[in-house]
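Asks: with the sequence up front, the predicted model follows.
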Amino acid sequence: MALQEHVESLRAKHVRLERLIDEEMHRPLPDQSRVTEMKREKLRLKEELERLRLQGDGTTTEAPPHLM
């Protein structure tokens with residue numbers, strides 16, 4: 001899979017998770033463990049997208065200081 005296709009796939013998953021989290025939070029009794037799991041996955045995707053962006057810029061492949 002080309003890098004751009006991979007990035008687009010990650011972005012689509014991120015958007016989908018955002019929508020699912022919103023839907024779950026608006027239920028009468030949201031499943032907090034499910035919400036937490038989805039938020040963790042959404043953050044993982046965001047970090048992967050940022051890593052790929054930095055790698056593509058040729059700057060660094062290290063995690064940002066706040067993630068260490």
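Replies: Now that the structure is in, tell me what you want to look at. Numbers count the residues shown, from 1 in each chain.

Asks: quick one: contacts for the most centrally placed residue in the chain?
Replies: Per CA atoms, centre = their mean, the C-alpha nearest to the average position across the chain is that of residue 45, at 2.6 Å. Each residue near residue 45 by CB atoms under 8 Å, 6 or more residues apart in numbering is listed here: 10, 13, 14, 17. (Each C-beta comes from the backbone N, C-alpha and C, glycine too.)

Asks: now name the helix or strand holding the first one.
Replies: Right, residue 10. Using DSSP states H and E, residue 10 sits within helix 3-25.

Asks: what's the first helix or strand after that helix?
Replies: Following helix 3-25 in sequence order, the next helix or strand is helix 32-57 (DSSP H and E).

Asks: which residues does the nearest residue to residue 21 once chain neighbours are set aside contact?
Replies: Nearest residue to residue 21, sequence neighbours excluded (CB to CB, 6 or more residues apart in numbering): residue 38, at 5.0 Å. Neighbouring residues of residue 38 by CB under 8 Å, 6+ apart: 17, 20, 21, 24.

Asks: kindly recompute the last result at 7 Å.
Replies: Taking CB atoms under 7 Å, 6 or more residues apart in numbering, we find residue 38 in contact with 17, 20, 21.

Asks: list the contacts of the second one.
Replies: Residue 20 is in contact with residue 38, counting by CB under 7 Å, 6+ apart.

Asks: could you do the last one as well?
Replies: Contacts for residue 21 (CB under 7 Å, 6+ apart) come out as 35, 38, 39, 42.

Asks: now pLDDT too, for the residues you listed, in TSV please.
Replies: Rendered in TSV, the data for the contacts of residue 21 read as follows (pLDDT from 0 to 100):
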residue	pLDDT
35	98
38	98
39	98
42	98
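
Asks: thanks a lot, catch you later.
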